[in-house]
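S.K.: Whatever this is, show me its structure:
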Amino acid sequence: MDITHLKQSDLNALVTLKVLLDEKHVTHTADKLNLTQSAVSRTLARLRTMFDDPLLVKSGKHLALTTKAERIQPQLNQILENISELLLPEAFSASTHKGNIRIATTDYGSHSILPRLVPLLNDAAPGITLTAVDWRSNLLTELEENKVDLIIGGAAEPPADIYQRVVAHDHFLALVRLGHPCDRVLTLDDYLQLNHVMISPTGSGNSEIDTVLARQGLTRNVAVRVPHFFAALEIIARTDFMILLPANFIRRYVDPEKFAILEVPFSLPDFEIAMFWHARMHHDPLHKWFRDFVYQSIYSHPRFLERQPKRSNN
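M.R.: Residues are numbered from 1 along each chain as shown. Take a look at the predicted model:
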């Protein structure tokens with residue numbers, strides 16, 4: 001392919017050429033393209049220079065195609081047909097499409113989302129399969145590297161090439177086992193003195209809870225870090241440790257006959273749950289449909305926020 005030659009050519013004139021070769025009439029071509037007759041004549045002059053051939057010549061009262069025009073007409077029609085198909089919106093039908101979506105979330109997310117999502121997805125799009133990926137510390141990197149398609153988890157400030165859509169809001173509640181010394185009332189002093197279980201995909205570092213405490217000059221004693229919600233719940237059931245968990249998780253999975261659910265004894269802001277995806281997939285028909293399907297099927301929050309990647313001027 002000679003890019004330099006293409007840049008020097010008036011490719012828009014090929015549309016006019018197609019109509020000229022079909023109509024064999026300058027005025028009829030002008031009417032069909034909603035152009036003036038003089039504009040079509042000027043374009044024909046440029047085309048003759050481009051092809052080094054008159055293309056259309058007088059034959060009695062009509063115009064006739066030259067042998068070169070007859071030779072290039074089928075190829076020209078095919079090229080323009082291909083371009084038309086290239087520029088048309090990509091057709092997508094969920095009911096017949098075949099593909100795979102790799103979704104990453106926590107064990108809590110898998111338990112709460114997938115059992116509801118999979119039957120609905122199978123009805124709406126039986127050819128689309130899901131691959132669930134465990135929550136890992138480097139998921140945003142894996143999103144950028146095309147190893148994961150969609151992440152559902154706590155909202156954050158993602159990199160500029162990652163989109164984020166907030167789909168739900170939640171708040172923390174404190175949890176201890178029934179029979180725990182603090183199973184009726186939890187004071188701030190109690191909270192700070194108790195051993196804590198922390199959900200930590202990385203196994204290190206602090207959470208937003210620790211940041212809030214640090215602003216007040218306070219620290220808690222994190223005795224155990226685990227990556228999974230349900231493992232943390234089992235630890236709480238067998239120790240005098242405590243944990244802060246999302247209220248929706250507690251409502252769905254915690255047995256009030258085995259655990260005491262308590263208010264957090266200090267001010268802690270609500271948090272957001274979001275879907276994350278890479279800008280590469282933002283306009284992909286399958287991914288656009290799937291993101292909306294997840295939102296409509298799973299989340300009932302009437303409002304959402306979407307953070308768009310920053311765009312450079314280049």
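S.K.: for the stretch 201-314 of the chain, which spans come out with low pLDDT?
M.R.: 202-205, 300-314 (pLDDT under 70).
S.K.: Look up phi and psi at the residue of the chain positioned farthest from its centre.
M.R.: What lies farthest from the middle of the chain is residue 60; by C-alpha atoms, centre = their mean that is 61.9 Å. Dihedral angles phi and psi of residue 60 (degrees, to the nearest 10) take the values phi 70, psi -130.
S.K.: Model confidence score at it, please.
M.R.: Listed pLDDT for residue 60 reads 77.
S.K.: do residue 155 as well
M.R.: 78.
S.K.: Show the contacting residues for it.
M.R.: 164, 166, 271, 272, 273, 274 (C-beta atoms under 8 Å, 6 or more residues apart in numbering). Heads up, the C-betas are built off the backbone N, CA and C, glycines and all.
S.K.: Rebuild these as a markdown table, extending it with secondary structure and distance to residue 114.
M.R.: Formatted as a markdown table, those follow (DSSP: H, G, I helix; E, B strand; the rest coil; distance: C-beta to C-beta, whole Å):
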| residue | secondary structure | distance to residue 114 |
| --- | --- | --- |
| 164 | strand | 21 |
| 166 | strand | 20 |
| 271 | strand | 22 |
| 272 | strand | 21 |
| 273 | strand | 15 |
| 274 | strand | 18 |
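S.K.: Which two of those residues have the greatest separation?
M.R.: 164 and 271 (13.5 Å; C-beta to C-beta).
S.K.: Of these two, which one has the most company?
M.R.: Using other C-beta atoms under 10 Å as the criterion, residue 164 and residue 271 rank with residue 164 on top: 21 against 15.
S.K.: Quick check: that one vs residue 277, distance?
M.R.: 8 Å (C-beta to C-beta, to the nearest Å).
S.K.: same check, this time on residue 79
M.R.: Residue 79 is 35 Å from residue 277, by C-beta to C-beta.
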